[in-house]
Each structure stands twice: as structure tokens, then as C-alpha cells.
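1. With the sequence up front, the predicted model follows.
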Amino acid sequence: MTESIVDDSSPKDERERGLDALAKYFAAARKIVFLTGAGVSTESGIPDFRSTTGIYSVTSEEIFSIEFFHENPERFYSFFAAFYRGITDARPNAGHLAIAELERRCGKSVEVVTQNIDGLHGLAGSTKVHEIHGTLRSATCTTCDRRYEESFFSNDMLAGRVPRCECGGVLKPDVVFYGEELPAAAFNASRRAMWETKLLVVAGTSLQVYPAAGLPRECDAGAPFVVVNKTETPLDYQASLVFRAAIGDVLPQAVARVPSGASDAADA
Ligand SMILES: [Zn+2]
């Protein structure tokens, strides 16, 4: 049952109590899993794919369909080069950094399951990141399956050319397109993280897109569950704590209240 919902209109003492409660959950848990979505990235200035002001208001979802890609790699890449530049100019924000700090400074075992493809959790310093919708930081040959790092394909792409493998095949960014399966290894690792976690924090996703939206159900029913999202989610009523506020505001303030050093977890 939800203990409390904190939003921007909450009185200061209520906000403080919410932040203290979240800090206590962080301090008590040996293992913490974050499930993150577009809301974490939008605070770095990256447009939300699905919001009305997002990227799909200027182009079609068709562009990220696998059929479109195979039939029109030139058109795809002329769009994708600008999209890529916008994303790779972005830097990790206070929310990304707070998650990384829990691991580095507070000594917690933290896993991040993310729907974001921008690689910002890794850049912020999180070491265990499961990118269930893939990443735009690498690409794979559609002919021979050879994988290439970002530095190999980004120059060609930004120069307006379709990046190609040494075998001549077209490279496809390792982003999950419409019509493609989620990467099995990342998704299975995410499910395992859910089973094992002692605390789940859902941040910046309204839990509308399956199968990611079903992942919280994999958690132990006894593990506390916290939602940080600007809008309501279908799982708010099951959460121990709900913040309808900016992630880059809530997480740093809560993490700052967690002691440094190895986990002093009661559940260890
Ligand atoms: Zn190849």
C-alpha cells in the first residue's frame, strides 16, 4: 500500500519525510534495482520518443521499424544522424549521477534496467546496466553479424554515408526497432535482477510499454517498491512511496542522506 505520494505541491515537511524514507530504504538494502525510462533522459535534454513534443511529432514511428530500415537505409541514416547527434551531445544529469553514487560512494550493489538507448547510465559511472531496448553506442552488420563500436560507424554516418561492415553489409544500430525482439541476454539479466533485489525504484517511466512494464511483478512481494515519475503510473497504488517530481531533484537529495561505505544492510 502506498504510504505517501509526494509531489511539487507537497508541504516542505512532507517532502522531507518522503526523502528521509527513501534514504532509509537505500541505506537498508544490500541490493537495489532501478528500472528507468525516458523521464531520466529528458532531464538531460533528450526528447521522449513517445511524448507529443518528442521526436515522433516531427517524424514517423515508421522510421524505427525494421522493414523501413532494410528497405531505406539511406533515408533511415539521414534521419538517424541528426537524432544521434542530439543524443550524444547530452550528458548524464543529477539523476544518473545519484544512481552511480549509490554504487560508488555508498557501496551498494546496484543494477540498472533501462529502456533508454543513450548510454548515459554507463557514462555516469553505473557498472551494471541492462539496456533492454538496446544502445546506439554500437552497431551490428546485417550480413555477417560482426559488431562495431560507436567510433567505427559514427564518422561515416555523420558524414551522410550509410555505415558499412568490412564485408560490405549495412550496419544497423544496436537499438531495438519496432518489429524486433528485445535482446534476450539483457532481458533475462533484468528478470534475474528483479528476483534478487531488496529494493526496486522505478524512475522516469509510466510503465506503459511491455514487456518492460511487467518487470516489477517479478520482484519479491516483500521488497519495497518506489516510484519517481512526473505522472501517475498503473503501479503507484502498489508502491511504498511515490514521488511525482523530477528525478534529478529527488534522487540526489535522498542519496546525499545515505552514509558512505559498505552496505550496513539488515537484509544482507
Ligand atoms: Zn559484415
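-> Right, received. Where do you want to start? Numbers count the residues shown, from 1 in each chain.
2. C-alpha from now on. contacts and neighbour counts both.
-> Fine.
3. Just the residues contacting stretch 69-76, thanks.
-> Residues from elsewhere that reach stretch 69-76, judged by CA atoms under 8 Å, 6 or more residues apart in numbering: 63, 68, 161-162, 170.
4. how many other residues sit next to residue 149?
-> Neighbour count of residue 149, defined by other CA atoms under 10 Å: 13.
5. Just confirm it contacts residue 138, I think it does.
-> Yes - the criterion here is CA atoms under 8 Å, and residue 149 meets it with residue 138 at 4.5 Å.
6. Alongside the ion, which residues does the stretch 1-150 of the chain contribute?
-> 141, 144 (CA under 5 Å from the ion).
7. Let me see the ranges of the helices in the stretch 1-150 of the chain.
-> 12-28, 38-42, 66-71, 73-88, 94-104, 120-124, 150-158 (DSSP state H, counting those that start in this stretch).
8. Backbone dihedrals for residue 259, both of them.
-> Backbone torsions of residue 259, given as degrees, to the nearest 10, read phi -60, psi 150.
9. Likewise for residue 178?
-> For residue 178, the backbone dihedrals (degrees, to the nearest 10) come out as phi -60, psi 130.
10. Which secondary structure elements does the helix or strand of the chain with the lowest mean pLDDT sit against?
-> In the chain, no helix or strand scores lower on mean pLDDT, DSSP states H and E than strand 4-7, which sits at a mean of 86. The contact analysis (3 or more CA pairs under 8 Å, 6 or more residues apart in numbering; DSSP states H and E) places strand 4-7 against helix 12-28, strand 241-244.
11. again, only this time at 6 Å
-> strand 241-244 (3 or more CA pairs under 6 Å, 6 or more residues apart in numbering; DSSP states H and E).
12. Pull up the pairing partners for the least confident helix or strand of the chain, direction included.
-> Note on strand 4-7: by DSSP bridges, its sheet partners are strand 241-244 (parallel).
13. what's the strand it pairs with in contact with?
-> Strand 241-244 is contacted by residues 2-7, 226-230 when judged by CA atoms under 6 Å, 6 or more residues apart in numbering.
14. The nearest residue to residue 195 once chain neighbours are set aside: how many residues sit nearby?
-> Nearest residue to residue 195 in three dimensions, chain neighbours excluded: residue 219, at 4.9 Å (CA to CA, 6 or more residues apart in numbering). Neighbourhood size, residue 219 [other CA under 10 Å]: 21.
15. And for the one 4 residues further on?
-> With neighbours defined by other CA under 10 Å, the count for residue 223 comes to 18.
16. just the one 10 residues further on next, same as before
-> Here the count is done by other CA under 10 Å, and residue 233 has 17 residues near it.
17. Residue 26 now?
-> The local packing of residue 26 (other CA under 10 Å) involves 26 other residues.
18. residue contacts, it?
-> Per CA under 6 Å, 6+ apart, neighbours of residue 26: none.
19. what's the pLDDT at it?
-> Note on residue 26: pLDDT of 98.
20. picking that back up, closest to the ion out of the contacts of stretch 69-76?
-> residue 170 (7.4 Å; CA to the ion).
21. hey, what's that closest one bridged with?
-> If you apply DSSP bridges, the partners that residue 170 bridges to are residue 164.
22. pretty sure it is touching residue 164, no?
-> Yes - between residue 170 and residue 164 there is a contact at 4.6 Å, judged by CA atoms under 6 Å.
23. For residue 109, which non-adjacent residue is spatially closest?
-> Per CA to CA, 6+ apart, closest to residue 109 is residue 31, 4.7 Å.
24. just residue 105 next, same as before
-> Spatial nearest neighbour of residue 105, chain neighbours left out: residue 260 (5.4 Å); criterion: CA to CA, 6+ apart.
25. Over to residue 24?
-> In space, and not counting its chain neighbours, residue 24 is closest to residue 258: 7.4 Å by CA to CA, 6+ apart.
26. With residue 5 instead?
-> Using CA to CA, 6+ apart, the nearest residue to residue 5 is residue 242, at 4.7 Å.
27. again, but for residue 160
-> Using CA to CA, 6+ apart and skipping the chain neighbours, the partner closest in space to residue 160 is residue 78 (6.3 Å).
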